[in-house]
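> Attaching a predicted model along with its sequence, questions to come.
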6 protein chains.
Amino acid sequence: MKSQRYTDGLKKLHEIDGEAGQKVIESLQSIAPDLAKYTIEFPFGDIYQRDGLTLQQRELVTVAALTALGHSQPQLRVHTHGALNVGCKPEEIVETVIQLAVYAGFPAALNAMFTVKDVFIERGIITVE
Amino acid sequence: MKSQRYTDGLKKLHEIDGEAGQKVIESLQSIAPDLAKYTIEFPFGDIYQRDGLTLQQRELVTVAALTALGHSQPQLRVHTHGALNVGCKPEEIVETVIQLAVYAGFPAALNAMFTVKDVFIERGIITVE
Amino acid sequence: MKSQRYTDGLKKLHEIDGEAGQKVIESLQSIAPDLAKYTIEFPFGDIYQRDGLTLQQRELVTVAALTALGHSQPQLRVHTHGALNVGCKPEEIVETVIQLAVYAGFPAALNAMFTVKDVFIERGIITVE
Amino acid sequence: MKSQRYTDGLKKLHEIDGEAGQKVIESLQSIAPDLAKYTIEFPFGDIYQRDGLTLQQRELVTVAALTALGHSQPQLRVHTHGALNVGCKPEEIVETVIQLAVYAGFPAALNAMFTVKDVFIERGIITVE
Amino acid sequence: MKSQRYTDGLKKLHEIDGEAGQKVIESLQSIAPDLAKYTIEFPFGDIYQRDGLTLQQRELVTVAALTALGHSQPQLRVHTHGALNVGCKPEEIVETVIQLAVYAGFPAALNAMFTVKDVFIERGIITVE
Amino acid sequence: MKSQRYTDGLKKLHEIDGEAGQKVIESLQSIAPDLAKYTIEFPFGDIYQRDGLTLQQRELVTVAALTALGHSQPQLRVHTHGALNVGCKPEEIVETVIQLAVYAGFPAALNAMFTVKDVFIERGIITVE
């Protein structure tokens, strides 16, 4: 039996990350289904349910965190989609990454920007060169 | 002669970080005045001048980045002040740090929260226990 | 009303981290009581309840993680206590930190060792020089 | 002439990392044979020779460290093999990575889990989906 | 109209990073041309213009920084080229990375060495195995 | 009986880090004398003995690495002394840290600069404000 947090979390995961989030969850089933469960319950069932920040704010804050961490390009890809899915403007995502050049350095910002660029091309926001 | 970027940057630094920003600049004078100059010109004269994100958004994104980096408590202190100075609600700062528990782990979030708490006590937003 | 995860987590937190864990929880009350709640529910109510690793293994693994992160000395202090509380031998903690010199570099290992040393002195495992 | 540390280290490297360790050593020969020598002598000739932790404990601690670092997926792959080679149970490796979600965040844990999954598929511990 | 910093920076970028630097700048045009502009103006128009360190020193220091960061292999590739372009000896680059095993750990040093190796093969400094 | 690497390493440690290095070694004796031994043997008995980089180059590279890591202020303090002890000019150390603002971000560079400043004041290179 699924907890309320799980049910709420799964709904929120779909709202924010769409198919990409679902794929992460599925790809965990054969190795660590409980990590999938925690991913749904804690981030999406607890944190993303909270007031205090809009979903757009949460996604920009997440883009910033993932850019700073540097080693989280797959999650940055998912959350660039997520940011767009919840209504962030492409310009806001780009500006967030530019802002990070100051705090995490140019390499972190450049690598993040190329991940964002891939997502923007995939969604037709910019055209392939 | 100071560049326009310097003049604009210094004004923006004062608007955002107030006295705390000024102190950082001053404490660099005896060792690396040019690093002070670059800090004014690039982050504050270039980046914080930009459209695309409001100052409140820039500060929340910065709080997220500094929380994720983990080793930047002095800057997190300055930018917690900065976030409040430009109109972020205390709740938004707290929520940003809670959000980071998901992406950077609980230790990074807890250490950041205690820095935020110090600033909130200093400003009378919460009372000392 | 507290969830079962909260009740179980609080008990586990006390078992592992003792007074130090309780102090972290208390010091969050004025700023972010919900972060305290999540700290009890997710790490201690979910993860530390799991089979698959003994508590001793979980604590050594945590000491390794906090040593590698580098910016988490307060948590390393708490979990050095925690490791000893659940029955890890002092030697195992020391060896874990030495092992980290290989993977995270000597500065991370040295800084961690000095935190471990403080806890060992506090508990009378080694004597102050 | 090889030192005793080198001879002991090479034997230990083969015991732990098998072919994967040997490949790393070989691929360094054309660029930095001395880094290969140090890798054999210091980690494997000094540290992995020590008492105080079993080889299983050392490998779990290493999996935790590499998960926390985030940027070390090739080494995590080698040491997932290593952990299994010295007798860690698959479940212990999975649990170690789940534990890291608390300390290093979900992205670090998820990326590590997918590396572990690749190794488990390669060794037939789980089946390809 | 381009600033003097831009013109000077672009010239310095070409001197140091050659074609690889130019490609980074071009690949930013469709997504964030201003980040390209800042990359030229601040690192190359301000910092690399400075006295106090030779260009060779600046490049070795950069190789060290990128090795320590761990998540910046694309930039390490560009700056391995850069180091060679401004006259660093291959041996100096290799030694810098070996030195980093001490400070950032063996995984960071090994991953960096394999990136350096790729560049050395590309430039015919060492031959493909 | 001490190995040749130990004897050579201890001499090199004294040459580079002087009293500060000795103090680190001593403070490890009660908790992990073997970590002290490895610190002498591997970094100072192996790596700092190598040709290919001058001691000045090794120290600047180390200052860069420690600045990028962010969590290693005690080691940065020791190696700022070390850099000066082996003949680096104060200006070279300052420039190295300024260079790092580009690659590791302004917070890492600022925190490192304040550590360098402390050492410069201690040694009378700059005067207390």
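Structure's in. What do you need?

> what about stretch A:75-89, near chain D?
Yes - using C-beta under 8 Å from any C-beta of the partner chain, stretch A:75-89 reaches chain D at residue A:75. The way it works is simple: take the backbone N, C-alpha and C, and place the C-beta from them, glycine included.

> Now that stretch: buried residues?
A:75-86, A:88 (16 or more other C-beta atoms under 10 Å in any protein chain shown).

> Is it possible to get CSV of these that adds secondary structure?
Putting the buried residues of stretch A:75-89 into CSV (DSSP: H, G, I helix; E, B strand; the rest coil) gives the following:
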residue, secondary structure
A:75, helix
A:76, helix
A:77, helix
A:78, helix
A:79, helix
A:80, helix
A:81, helix
A:82, helix
A:83, helix
A:84, helix
A:85, helix
A:86, coil
A:88, coil
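
> and chain B, which of those residues contact it?
With C-beta under 8 Å from any C-beta as the criterion, those include residue A:75 near chain B.

> Nearest to chain B among the buried residues of stretch A:75-89?
Nearest to chain B out of the buried residues of stretch A:75-89 is residue A:75 (C-beta to the nearest C-beta; 7.6 Å).

> my guess is residue A:13 contacts residue A:25, does it?
Yes - using C-beta atoms under 8 Å, residue A:13 is in contact with residue A:25, at 7.3 Å.

> Please enumerate the shared neighbours of these two.
A:39-40 (C-beta atoms under 8 Å, 6 or more residues apart in numbering or on different chains).

> who has more neighbours, these two?
Regarding residue A:13 and residue A:25, a neighbour count based on other C-beta atoms under 10 Å in any protein chain shown identifies residue A:13 as having more, with 22 against 18.

> Quick one: residues contacting that one.
A:21-22, A:25, A:39-40, A:44 are the contacts of residue A:13 under C-beta under 8 Å, 6+ apart.

> and if you look at residue A:85?
Contacts of residue A:85 by C-beta under 8 Å, 6+ apart are A:15-18.

> Would you mind listing what in chain A touches chain F?
A:101-108.

> For the helix or strand bottoming out on mean pLDDT in chain A, list every residue counted as buried.
Ranking every helix and strand in chain A by mean pLDDT, DSSP states H and E puts helix A:4-27 at the bottom, with a mean of 94. The neighbour-count check on helix A:4-27 (16+ other C-beta under 10 Å) flags A:5-6, A:8-10, A:12-13, A:16-17, A:20-21, A:24-25 as buried.

> send the alpha carbons of it over as CSV?
C-alpha atoms of helix A:4-27 as CSV (Å, rounded to 0.1, in the frame of the first residue of the first chain):
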residue,chain,number,x,y,z
GLN,A,4,-0.2,9.5,0.9
ARG,A,5,3.2,11.1,0.5
TYR,A,6,3.9,8.6,-2.3
THR,A,7,0.7,9.3,-4.1
ASP,A,8,1.1,13.1,-3.8
GLY,A,9,4.8,12.8,-4.7
LEU,A,10,4.2,10.8,-7.8
LYS,A,11,1.6,13.3,-9.0
LYS,A,12,4.0,16.2,-8.3
LEU,A,13,6.9,14.4,-10.0
HIS,A,14,4.7,14.0,-13.2
GLU,A,15,3.6,17.7,-13.0
ILE,A,16,7.2,18.9,-12.8
ASP,A,17,9.5,16.5,-14.5
GLY,A,18,7.0,14.7,-16.8
GLU,A,19,8.4,11.7,-18.7
ALA,A,20,12.0,12.3,-17.7
GLY,A,21,11.2,12.0,-14.0
GLN,A,22,9.2,8.8,-14.7
LYS,A,23,12.1,7.3,-16.6
VAL,A,24,14.5,7.9,-13.6
ILE,A,25,12.0,6.1,-11.4
GLU,A,26,11.6,3.2,-13.8
SER,A,27,15.3,2.7,-14.3
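
> do you know how far the residue most central in space within chain A is from residue A:67?
Centroid-nearest residue in chain A, with C-alpha atoms, centre = their mean: residue A:79, separated by 1.8 Å. Between residue A:79 and residue A:67 the distance, using C-beta to C-beta, to the nearest Å, works out to 10 Å.

> Residue A:88 now?
Residue A:88 is 14 Å from residue A:67, by C-beta to C-beta.

> same deal with residue A:4?
For residue A:4, the distance to residue A:67 equals 33 Å [C-beta to C-beta].

> Leaving out chain neighbours, which residue sits closest to the residue in chain A that chain F sits nearest to?
Residue of chain A nearest chain F, by C-beta to the nearest C-beta: residue A:105 (4.3 Å). Sequence neighbours aside, residue F:105 is the residue nearest to residue A:105 in space, at 4.3 Å (criterion: C-beta to C-beta, 6 or more residues apart in numbering or on different chains).

> and the one you found, how many neighbours does it have?
Residues lying near residue F:105 (other C-beta under 10 Å) number 29.

> That one against residue A:99, yeah?
No - counting by C-beta under 8 Å, residue F:105 sits too far from residue A:99 to count as a contact (11.0 Å).

> Would you enumerate the residues in contact with residue A:74?
D:107, D:110-111.

> Counting neighbours, which of those residues comes out on top?
residue D:107 (26 neighbours).

> Could you chop chain A up by domain?
Annotated domains of chain A cover A:1-50, A:53-129 [automatic domain parsing].

> Could you report the pLDDT at the closest residue to residue A:83 other than its chain neighbours?
Spatial nearest neighbour of residue A:83, excluding adjacent residues (C-beta to C-beta, 6+ apart): residue A:59 at 3.8 Å. Each residue has a pLDDT score; the one for residue A:59 is 98.

> Where does residue A:59 sit, in terms of helix or strand?
helix A:55-69 (DSSP states H and E).

> and that helix, how far from the chain's centre?
Centroid displacement of helix A:55-69 relative to its chain, using C-alpha atoms, centre = their mean, to the nearest Å, is 7 Å.

> what does chain A have sitting close to chain E?
Residues of chain A found near chain E (C-beta under 8 Å from any C-beta) are A:69-71, A:94, A:97-98, A:101, A:105-111, A:113-114, A:116-117, A:120, A:126-127, A:129.

> do that again at 6 Å, thanks
Counting by C-beta under 6 Å from any C-beta of the partner chain, the residues of chain A close to chain E are A:70-71, A:94, A:98, A:107, A:113, A:117, A:126, A:129.

> Can you lay out the residues you listed as JSON lines showing secondary structure?
Output for the residues of chain A next to chain E, formatted as JSON lines (three-state DSSP):
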{"residue": "A:70", "secondary structure": "coil"}
{"residue": "A:71", "secondary structure": "coil"}
{"residue": "A:94", "secondary structure": "helix"}
{"residue": "A:98", "secondary structure": "helix"}
{"residue": "A:107", "secondary structure": "helix"}
{"residue": "A:113", "secondary structure": "helix"}
{"residue": "A:117", "secondary structure": "helix"}
{"residue": "A:126", "secondary structure": "coil"}
{"residue": "A:129", "secondary structure": "coil"}
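
> List buried residues within these.
Buried members of the residues of chain A next to chain E, scored by 16+ other C-beta under 10 Å, are A:70-71, A:94, A:98, A:107, A:113, A:117, A:126.

> show me the contacts for whatever residue of chain A ends up closest to chain D.
Proximity of chain A to chain D (C-beta to the nearest C-beta) peaks at residue A:71, 3.3 Å away. By C-beta atoms under 6 Å, 6 or more residues apart in numbering or on different chains, the contact list for residue A:71 reads D:70-71, E:71.

> Please report how far residue A:72 lies from residue F:19.
Between residue A:72 and residue F:19 the computed distance is 42 Å (C-beta to C-beta).
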